[in-house]
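J.: need the 3D shape of this:
(2 chains)
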Amino acid sequence: MESDDLQLRNRIFELAVSIIGGLYGAADLGRREQEEAILRIIISNSIQAASFVALIEDEFEIELDDEDINMSFFSDFDYIIGCLKKYDLSAV
Amino acid sequence: MKIAIVDSGIDRSHRKLSNAAISGVHIYKEHGEIVHDDDYEDSLGHGTATAAIIHGHAPSCELLAVKVFDRDLVCEEVHLREAVAWCIDAGAKIINMSLGVMASTPSQELYDICRNAVGQGIVIVAAAANVPNQICYPAYFAEVLGVAGHSAGSKRDYGFRPSSPIEFLAKGSIQRVAGINGGYKIVEGTSYACAHFTGIVANKLLDKPALDHVTLRQELASGANPKIEGLYVAKNNAAPYVLPQEAAGVVEPYLNRRNALRWVGRMALFPVSEKEMKLFGDFPELSAFRITMRLDYPRNVKRDDTAGNDIDNVYYNFPSDEDFDRFDTLVLGYFHEHLFQVNVKYGFELISKAIEKGKNFFVFDAELKTTIDKMIGDAGTGNICYAPVVDDSTYETFNSFRYRPNISTPVLCVTGTTNKLGKFTTQLRVKSLLEREGYKVSFVSSEPHAELFGASFSFPFGHNDTVFMDYRAWPDFLRTLTKAIEYVDQPDIILTGTQSWTIPPSFTMHPSGGELDAMQFMFGMQPDAVICAINPNDSIELIKRTLGVVNVVSAAKPLFFVITPWEREMLNDVSGNSVMSTRKLTAVELEERIDYYRRELNAPVINVMDAANDCLIVDAIMEYYS
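T.: Next up, the predicted model:
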């Protein structure tokens, strides 16, 4: 289970990096700090933020509940993972 | 149940609205006229977003798209009024207005249509401004449920802030909403908080359709999550557009001066040789209170036993004990500024005796009031000493009226090119004539003795002013005052007048300041029309410059000019110094000057004291305002 979470986390991380086009200034940070930095950059632009949500939905073939898309979604990878785990991701 | 969404229209094809029953209207202007058609398709996405949020909360409700935004999120207030009117006709139960007019003072028309809608059982939910503490209508109207954003996650959670002008808080933080072309967007703001709250209200009304407006608000308040807080710290520096029930009662004593000064029964005036006091002698019939004695500095003048009325006699000797029985209130001018100290001493002896005799005082000067209050305190007699002081506490008293709509009552101002033109006399004449015709006149004067002539309110600037209020606050206070007068007195007209010069006579600032008082006063009172007083030797340029200044601070138009028969000229005295001399023009000379100014100004110029002009005065005012 822990391994599944890690895989999920890594995949979200890759998607997030793809949205902003690279790690740039966050490259030298630790992983947690990188996650926070990336989400901060994503939410700084509403189109980027919408694209990130759409990318996750496409990737995992789900439709996120709008109720789940809030500030926590754009500040905490654990929260995103928690939202995704509400869905059956086994087929993905 | 129908929910109207006054916004940018709705994209019916959006997946989030696939099951929604939607109809609507597009309200726009064409060739200056408001027109309607049924093309309410949304090209901006804002309306679709709010519609989808509301539909998400209450999917069984029919949505009415009322499109007022087209190319951008801007429209005129007239579109909003038309939209609310359309919603009333269309049978909407709730109107969602994720928009607003950012203004410190809303229009009466917008208020009226919103109040009308609510009066017909419609609930209006409107967004607060996204800028913290920015006043925004209709959200600030008491009849409207104003909504700001909270940062909690759930769309069903909402907060209630009873002490705030915007009472409700709903989900306004980062969220995904429907966008144009079937897309989505990540947004935040009060618009979406408003839509969520509309959904919450809809569910409440679906559950309890019979709730009236008051009960609905109470139920919403009691169902709020007490832990919900706003996105911003509310400074709460803006009073809501809610008139507390007691508001009228709080300001009433400030406006109904006759009642507030009911302790004034019979007045003695001192010293009657002063300019302000002379008016009582010239027009005793205009005084709101009975004058029973007129006192002046000691002089060896024989009492005129042939005078028909006792008040025609001026007392130049210290009153006897019996004389003190003839009045209950001593009205005091500026005797304490008299250059001859003996006269000042005489005045204070008069006051001491009056205190001893249990008399009350109406004084024009705040410092004199302080002195007399101390004398009364020392004597322990409890007499009343009143001066028409306007200060921050007065401002606070009227604050409830600050955010009412701009007044619709006409405001007429008497102004003039210089001082000593009889502006106050003109005001009293106009007031008297209008009242004689049956009009209700509220009178806001800038003279310290005006309340004794029936003024609703006195704002005495100029010489020894008793206005202790930050200069920058004058206009706001005066506009608030007129709103309160309109609400409480419901007059047909508000009459007012300036003091002294309109344009400062020189660029040299007087140590006491106040050169711009008249302008600041007019800016606050915002007259629609002015009566301009002139001297018989004023240059046309000075008169036109004066009217130019009036136009800088207001949109007032001159109705007519009044001319004083006193000509002023600079003469050299025996030492060669320049002195101001006044000379009363002969009737022929005055008529010549009137003819001259009529020609040059192309407007009526009259002697206001001539009864032959009564009809002209009333007709000119009534014609202008009708």
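J.: please count neighbours and contacts with C-alpha atoms only from this point.
T.: OK.
J.: OK, contacts around A:Ile19?
T.: A:42, A:48, A:51-52 (Cα atoms under 8 Å, 6 or more residues apart in numbering or on different chains).
J.: just the ones in helices from those, please.
T.: A:42, A:48, A:51-52 (DSSP state H).
J.: taking those, tell me the two that lie furthest apart.
T.: A:Ile42 and A:Ser51 (9.2 Å; Cα to Cα).
J.: higher neighbour count, these two?
T.: Between A:Ile42 and A:Ser51, counted using other Cα atoms under 10 Å in any protein chain shown, the more crowded position is A:Ile42 (22 against 18).
J.: could you measure the more buried one against chain B, distance?
T.: Look at A:Ile42 and chain B: by Cα to the nearest Cα, to the nearest Å, they are 11 Å apart.
J.: point out where chain A drops to low pLDDT.
T.: A:1-2, A:90-92 (pLDDT under 70).
J.: which bits of it sit near chain B?
T.: A:46-47, A:49-50, A:66-71 (Cα under 8 Å from any Cα of the partner chain).
J.: and after the longest helix seen in chain B, which helix or strand comes next?
T.: Using DSSP H, we find that the single longest helix of chain B is helix B:190-207. Counting by DSSP states H and E, the next helix or strand C-terminal to helix B:190-207 is helix B:213-222.
J.: flag every buried residue along that following helix.
T.: B:213, B:216-217, B:220-221 (16 or more other Cα atoms under 10 Å in any protein chain shown).
J.: now do the helices in the stretch 301-450 of chain B.
T.: For the stretch 301-450 of chain B, the helices defined by DSSP state H, counting those that start in this stretch occupy B:321-324, B:341-356, B:366-379, B:392-398, B:423-436.
J.: list the buried residues for the second one?
T.: In this case it means helix B:341-356. Buried residues in helix B:341-356 (16+ other Cα under 10 Å): B:343-344, B:346-348, B:350-355.
J.: export the buried residues of helix B:213-222 to CSV and tack on pLDDT?
T.: Below are these laid out as CSV (pLDDT from 0 to 100):
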residue, pLDDT
B:His213, 88
B:Leu216, 94
B:Arg217, 91
B:Leu220, 94
B:Ala221, 93
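J.: tally of neighbours for the closest residue to B:Asp392 other than its chain neighbours?
T.: Leaving aside its chain neighbours, B:Asp392 sits nearest to B:Met469 (5.8 Å; criterion: Cα to Cα, 6 or more residues apart in numbering or on different chains). Close neighbours of B:Met469, defined as other Cα under 10 Å, add up to 16.
J.: what pLDDT is listed against B:Met469?
T.: We have a pLDDT of 91 for B:Met469.
J.: who's in contact with it?
T.: B:390-392.
J.: where does residue 67 fall, phi/psi-wise?
T.: Assuming you mean chain A. When read as degrees, to the nearest 10, the backbone of A:Glu67 gives phi -60, psi -30.
J.: not quite, I wanted chain B
T.: The phi/psi pair for B:Lys67 (degrees, to the nearest 10) is phi -80, psi 110.
J.: can you tell me how far B:Pro298 sits from B:Glu356?
T.: 21 Å (Cα to Cα, to the nearest Å).
J.: can you redo the contacts of B:Met469 as TSV with neighbour count and pLDDT?
T.: Shown next, in TSV, are the contacts of B:Met469 (neighbours: other Cα atoms under 10 Å in any protein chain shown; pLDDT from 0 to 100):
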residue	neighbour count	pLDDT
B:Val390	18	94
B:Asp391	14	93
B:Asp392	13	91
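J.: kindly indicate which of those lies nearest B:Cys194.
T.: B:Asp392 (36.3 Å).
J.: you'd agree the closest one is up against B:Thr466?
T.: No. Applying Cα atoms under 8 Å as the test, B:Asp392 and B:Thr466 come out as separate, 11.9 Å apart.
J.: list residues touching both of these two?
T.: With Cα under 8 Å, 6+ apart, B:Asp392 and B:Thr466 have no common neighbours.
J.: kindly report the residues of the stretch 151-300 of chain B close to chain A.
T.: B:153-155, B:173-177, B:184-187.
J.: these in strands, which ones?
T.: B:175-177, B:184-187 (DSSP state E).
J.: apart from its chain neighbours, what residue comes closest to B:Ser432?
T.: B:Leu286 (7.5 Å).
J.: distance of the residue of chain A most remote from its centre from chain B?
T.: Taking Cα atoms, centre = their mean, the residue of chain A most remote from its mean C-alpha position is A:Asp28, at 19.7 Å. Distance of A:Asp28 to chain B, given as Cα to the nearest Cα: 29 Å.
J.: ok, now which ones touch that residue?
T.: Contacts of A:Asp28 (Cα under 8 Å, 6+ apart): none.
J.: alright, I will stop here.
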